[in-house]
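> build me a model:
(2 chains)
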Amino acid sequence: MLLFRSEETVKAWCTARGLPVRPLINLDQLWFLAQAWYENRLTVDSRRPGPDEMTAIFARVGLTGPFWDPKADRL
Amino acid sequence: MDFDTTVKTAVYRVAAESARMPGAGEVAREIGAPVDEVIAAFERLHEKRLLVPEPGVPARVRMAPPFSGVETPFLVRVNGKGYYANCVWDALGVAAALHADAVVEASDGHTGEPMGMEFRDGAVVPVAVRDGAPLPMEAVAHFAVPAARWWADIIFT
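Predicted coordinates:
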C-alpha cells in the first residue's frame, strides 16, 4: 500500500509493473481506516477486525464492491 | 491472560515504547518464558494475523502491524522517536495506535519524490518539503492487492 503524488504517478507505477490500476483512496479515508484498525492495537484485548467488520468499516468511507470484500475469492 | 496474548502485548509494548522491534529472546526475558515457546507463540499470532515473523528467521518479527521490524520508506516521527511503518496505511496506524500527533516521511511510490504527511489535532494533511518549505500537495494511496488476498503475501501487500 503505497503513497503517490497523484493518480498519474499511480498509473505510471502500475504500467511499469504490468499491474491494473486499483481503487485509489484519499488521506481522509485512509485515516479513518487507520483509526478503525489500530486505535486499540496496544490494548490487551486488541484484535483485527473480522471479515464482516472489515466490510462494514470499508463501507463507512465508501469503499464497496468485490475489491474491498475480504471474502471474495475471484477478482 | 493467555500466553499468546502475553507475548503479543510484550511485543507491542516494546515496539511502542522503544520504536524498535523486539525479538523472541528479548520477549522471553521480558515475560520470563522459554525462547522456543515465544517463537511458537509468534507463529500462532501469525496465523491470527497479528504478527509476521521474518521469513526464514522465526525468532525475529518482521511486522507487528502497524510497526515494522525493518526499515521501510515510511518513517513516522512521534514524540521525538522514529517508527518504521509497513505501508502508508500503517504509517497513519502508528499515529492512531500511539494516540499522538505525528509527522510521516515518505515518498512517491513511482518517482521517489519526497512526500510527507502531518497528523495533528485529528486531521491528516499531505505536505511536501522543497528547500525546507512545507507545501500542501495532493496525495493518494493505492492498494495493488484486493482485500481477499492481502495476507497471501502480506509483505508485498
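
> separation between the residue lying closest to A:T55 once chain neighbours are set aside and B:V38?
Nearest in space to A:T55, with sequence neighbours left out and distances taken as Cβ to Cβ, 6 or more residues apart in numbering or on different chains, is A:D69 at 6.3 Å. Quick note: C-beta positions are derived from backbone N, CA and C, even for glycine. Computed with Cβ to Cβ, to the nearest Å, the distance linking A:D69 and B:V38 is 35 Å.

> got the contact list for the residue nearest to A:T55?
A:55, B:146-148 (Cβ atoms under 8 Å, 6 or more residues apart in numbering or on different chains).

> same question for A:R60.
When contacts are counted by Cβ under 8 Å, 6+ apart, A:R60 is found next to A:32, A:36.

> what is the burial count for the nearest residue to B:C87 once chain neighbours are set aside?
Ranked by Cβ to Cβ, 6+ apart and with sequence neighbours excluded, the top spatial neighbour of B:C87 is A:M1, at 3.8 Å. Around A:M1 sit 20 other residues, with neighbours defined as other Cβ atoms under 10 Å in any protein chain shown.

> hang on, isn't A:M1 packed against B:W89?
Yes. Counting by Cβ atoms under 8 Å, a contact exists between A:M1 and B:W89, whose distance comes to 4.9 Å.

> now list whatever residues contact both of the two.
B:A141.

> which strand or helix spans the residue of chain A most remote from its centre?
In chain A, A:V44 marks the outermost C-alpha relative to the chain mean, sitting 24.9 Å out by Cα atoms, centre = their mean. Using DSSP states H and E, A:V44 maps to neither a helix nor a strand.

> quick one, phi/psi of it?
With angles defined as degrees, to the nearest 10, A:V44 shows backbone torsions of phi -60, psi -40.

> what about the helices in the chain?
No chain in the question, so chain A it is. In chain A, the segments counted as helices under DSSP state H are A:7-17, A:27-38, A:51-60.

> chain B, not that one
Residue ranges of the helices in chain B, as given by DSSP H, are B:3-18, B:24-31, B:35-47, B:88-98.

> nearest to chain A, out of these?
helix B:88-98 (3.6 Å; Cβ to the nearest Cβ).

> send me that closest one as CSV with only the CA atoms.
Listed in CSV are the C-alpha atoms of helix B:88-98, where the atom choice follows Å, rounded to 0.1, in the frame of the first residue of the first chain:
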residue,chain,number,x,y,z
VAL,B,88,1.2,4.2,4.1
TRP,B,89,-1.9,2.8,5.9
ASP,B,90,0.3,1.6,8.7
ALA,B,91,2.1,4.9,8.8
LEU,B,92,-1.2,6.5,9.9
GLY,B,93,-1.8,3.5,12.0
VAL,B,94,1.3,4.3,14.1
ALA,B,95,-0.2,7.7,14.9
ALA,B,96,-3.6,6.1,15.7
ALA,B,97,-2.1,3.3,17.9
LEU,B,98,0.0,5.8,19.8
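
> which residue is nearest the centroid of chain B?
Most central residue of chain B, judged by C-alpha distance to the mean C-alpha position with Cα atoms, centre = their mean, is B:F67 at 1.9 Å.

> hang on, it packs against B:A15?
Yes. With contact defined as Cβ under 8 Å, B:F67 and B:A15 form a contacting pair (4.3 Å).

> quick check: neighbours shared by the two?
Taking Cβ under 8 Å, 6+ apart as the criterion, B:F67 and B:A15 both touch B:21, B:83.

> tell me, how many residues neighbour the spatially closest residue to B:G109 that is not a sequence neighbour?
Closest residue to B:G109 apart from its sequence neighbours, by Cβ to Cβ, 6+ apart: A:L2 at 3.4 Å. In terms of burial, A:L2 registers 21 neighbours under the definition other Cβ under 10 Å.
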